[in-house]
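1. no sequence on this one, just coordinates:
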């Protein structure tokens, strides 16, 4: 369980982040090409829309997995977390754009009706809306400027995760096996986040216990 | 798929038919899997022939009928119908088949019979969606119609499309087509038809009664809980751009023929 990111020479690390951005966009670009050249099956718009949504969920899971991977496995991918989070945001934005432009053909009344009446669309819109401040403040300047508030603000990602899981779960007739796995992972990651502070304080408590122990023995 | 000898019928619509490759590659047939492409990809082991349908319940002459014999006995008509899925997409499909009424006449329903119940085959060894730990629905898939709906001249038992016998993914060898109702009413690979005096259960209503009812008549006025039914995407028509949306028609455009079946009924309550 060594630190994988450190196996890369330091000067290559910024390049590896850029590589992640580029490869992160490949699925969307390739599928867009297939759709634009009529190679995306019988219902290309729906297929592309669902594809983008699924990749948004995947990047969300990867983003949330960075901390537990470090805590539990010692894998340090912290360097890539911003890119993963932004990729999630970009895929959500593309998913929303396809829904608006290609699926609903910009019929705003239909979209408004959907948002107001349908819980799964409400959760999707809420997730998108909450992602915007996170994306906007994902730069180094905002991190310095906001200080501890930045950490507090970015805890919103767990609300986003809950919205994403609900949006995904409520969007289909049946919960398929693959879908259940993604939703299960999101639930685990949310639960891990709520359990981690407790575990940490308990660990701190044990450490204190241990340092005090010799004194009580004598 | 084998070629069928078919006769023309007056039932057609003046709209471009959906390409065969789309009709046979974009299917909801959960017995083979949940993805639209699963039925085409995973139905290769399914053996549609020989095939018999058992017709029983409140009839004078119950029996078990060989499908190939029925296809010889009744003239096979080519009928082009609009098909509207409850998921807000649609196709225009040239089906080949005979009216369900022809088969019902043969078994002579009793005066007390009010409904017709249908059942799909269960063959886990040939249908991967019925196998394994994860099962999407309770099998067999069930559907039902009121007897007057079942006897309506539009109600078809399809044995083919585009002049050839049904591909496995489209419900071989025999399936129901009720063009004014959402596609899920069109039960596939039918093995049993039962006349009864009680409203039969249908699989989707049992699975999710808030979203799916017994009647399932196409109705742009009654939304699905998760989307509007006012418009539809026509499959295979428009590619990626300029797809637009077609307005959905009451009773899928068959109101003149079938609206009278439901006079006085609250179609919002009986969705």
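-> Cool, the structure landed. Everything numeric in this text was worked out from a predicted model, so none of it was measured.

2. Pop out the phi and psi values for the residue most central in space within chain A.
-> Nearest residue to the geometric centre of chain A (C-alpha atoms, centre = their mean): residue A:60, 1.6 Å. Main-chain torsions, residue A:60, degrees, to the nearest 10: phi -60, psi -40.

3. wait, doesn't residue B:74 sit right on residue B:98?
-> Yes: the pair residue B:74 / residue B:98 is scored as a contact, 3.8 Å apart, by C-beta atoms under 8 Å. Where you see a C-beta, it was placed from the backbone N, CA and C, and this is true even at glycine.

4. Give me the residues contacting stretch A:48-62.
-> Contacts with stretch A:48-62, where a contact means C-beta atoms under 8 Å, 6 or more residues apart in numbering or on different chains, come from A:24, A:27-28, A:31-32, A:35, A:40, A:84-85, A:87-88, A:91-92, A:94-95, A:98-99, A:102-103, A:160-161, A:164, A:168, A:182, A:185-186, A:189, B:240.

5. Longest strand in chain B, please.
-> strand B:89-99 (DSSP state E).

6. That one - contacts with which helices or strands?
-> Contacting strand B:89-99 under the criterion 3 or more C-beta pairs under 8 Å, 6 or more residues apart in numbering or on different chains; DSSP states H and E are the following elements: helix B:20-23, strand B:77-84, strand B:156-161, strand B:231-234.

7. make it 10 Å
-> helix B:20-23, helix B:67-73, strand B:77-84, strand B:156-161, strand B:175-177, strand B:231-234 (3 or more C-beta pairs under 10 Å, 6 or more residues apart in numbering or on different chains; DSSP states H and E).

8. Out of the ones you listed, which gets nearest to chain A?
-> The minimum distance between chain A and the helices and strands packed on strand B:89-99 falls on helix B:20-23, with 3.9 Å, by C-beta to the nearest C-beta.

9. So for residue A:213, what's the pLDDT?
-> pLDDT for residue A:213: 49.

10. go on, residue A:74?
-> For residue A:74, the model assigns a pLDDT of 89.

11. Could you count how many residues lie near it?
-> Per other C-beta atoms under 10 Å in any protein chain shown, the neighbour tally for residue A:74 reads 11.

12. Mutual contacts of residue B:74 and residue B:98, please.
-> Common contacts of residue B:74 and residue B:98 (C-beta atoms under 10 Å, 6 or more residues apart in numbering or on different chains): B:157, B:159.

13. When these two are compared, which one has more neighbours?
-> A direct count of neighbours by other C-beta under 10 Å for residue B:74 and residue B:98 places residue B:98 higher, at 20 against 16.

14. need the residues of the stretch 1-150 of chain B near chain A, please.
-> B:18-19, B:21-28, B:30, B:33-37, B:86-89, B:91, B:132-137 (C-beta under 10 Å from any C-beta of the partner chain).

15. I'd like to know which of these are part of strands.
-> Reading strands off the residues of the stretch 1-150 of chain B next to chain A with DSSP E, I get B:89, B:91.

16. Lowest-scoring secondary structure element of chain A by mean pLDDT?
-> Counting by mean pLDDT, DSSP states H and E, chain A has its least confident helix or strand at helix A:177-217, which shows a mean of 76.

17. contact partners of the helix or strand that the longest strand of chain B is followed by?
-> Downstream of strand B:89-99, the first helix or strand assigned by DSSP states H and E is helix B:100-107. By C-beta under 10 Å, 6+ apart, the residues outside helix B:100-107 that reach it are B:53, B:55-63, B:65, B:70, B:73-75, B:99, B:113, B:116, B:118, B:145, B:147, B:149-157, B:174, B:176-178, B:193, B:195.

18. What pLDDT is listed against residue 18?
-> With no chain named, the answer covers chain A. Predicted confidence (pLDDT) for residue A:18: 92.

19. actually chain B
-> Confidence score, pLDDT, at residue B:18: 94.

20. cool, and residue A:83?
-> Reading off the confidence values, residue A:83 has pLDDT 96.

21. what residues are up against residue B:269?
-> Contacts for residue B:269 (C-beta under 10 Å, 6+ apart) come out as B:213, B:215, B:222.

22. what do you get for residue A:42?
-> Neighbouring residues of residue A:42 by C-beta under 10 Å, 6+ apart: B:18-19, B:21-27, B:36-37, B:89, B:91, B:235-237.

23. Could you do residue A:131 as well?
-> By C-beta under 10 Å, 6+ apart, residue A:131 lies in contact with A:56, A:60, A:85-86, A:88-90, A:92-93, A:156-157, A:159-160, A:163-164.

24. And for the nearest residue to it once chain neighbours are set aside, the neighbour number?
-> Closest residue to residue A:131 apart from its sequence neighbours, by C-beta to C-beta, 6 or more residues apart in numbering or on different chains: residue A:89 at 4.9 Å. If you count neighbours by other C-beta under 10 Å, residue A:89 ends up with 22.

25. who are the neighbours in contact with the most centrally placed residue in chain B?
-> Most central in chain B under C-alpha atoms, centre = their mean is residue B:186, positioned 1.3 Å from the mean C-alpha point. The neighbours of residue B:186, taking C-beta under 10 Å, 6+ apart as the test, are B:28, B:81, B:83, B:85, B:95, B:118, B:143, B:156, B:158, B:170-171, B:175-179.

26. and the contacts of stretch A:48-62, which are buried?
-> A:24, A:28, A:31-32, A:35, A:40, A:84-85, A:87-88, A:91-92, A:94-95, A:98-99, A:102-103, A:160-161, A:164, A:168, A:182, A:185-186, A:189, B:240 (16 or more other C-beta atoms under 10 Å in any protein chain shown).

27. Helix, strand, or coil at the residue in chain A that chain B sits nearest to?
-> Using C-beta to the nearest C-beta, the closest approach of chain A to chain B is made by residue A:42 at 3.6 Å. Following DSSP: H, G, I helix; E, B strand; the rest coil, we place residue A:42 in the coil state.

28. list the contacts for the closest residue to residue B:47 other than its chain neighbours?
-> Nearest non-adjacent residue to residue B:47, counting by C-beta to C-beta, 6+ apart: residue B:126, 6.5 Å away. By C-beta under 10 Å, 6+ apart, the contact set of residue B:126 is B:31-32, B:42-48, B:168.

29. now residue B:44
-> B:32, B:126, B:168-169.

30. So which of the residues you listed is the closest to residue B:162?
-> residue B:169 (13.6 Å; C-beta to C-beta).

31. Test my guess that that closest one contacts residue B:32.
-> Yes: at 6.8 Å, residue B:169 counts as touching residue B:32 under the criterion of C-beta atoms under 10 Å.

32. Now do the shared contacts for those two.
-> B:38-44, B:46, B:188.

33. got a list of what residue 46 touches?
-> Using chain A. Applying C-beta under 10 Å, 6+ apart, the residues contacting residue A:46 are A:40, A:98-99, A:102-103, B:26, B:36, B:87-89, B:233, B:235, B:243.

34. oops, I was thinking of chain B
-> Counted by C-beta under 10 Å, 6+ apart, residue B:46 has contacts B:31-32, B:39, B:121, B:123, B:125-128, B:167-169, B:172-173, B:189.

35. What's the per-residue pLDDT of residue B:97 here?
-> In this model, residue B:97 is scored at 98, pLDDT.

36. hmm, back to that, of the contacts of residue A:46, which pair is most distant in space?
-> Using C-beta to C-beta, the two most remote members of these are A:99 and B:26, lying 19.7 Å apart.

37. any low-confidence regions in the stretch 101-250 of chain B?
-> Residues of the stretch 101-250 of chain B meeting the criterion pLDDT under 70: B:238-239, B:242-244.

38. All the strands of it, residue numbers only.
-> B:115-120, B:142-146, B:156-161, B:164-165, B:175-177, B:190-196, B:231-234, B:246-247 (DSSP state E, counting those that start in this stretch).
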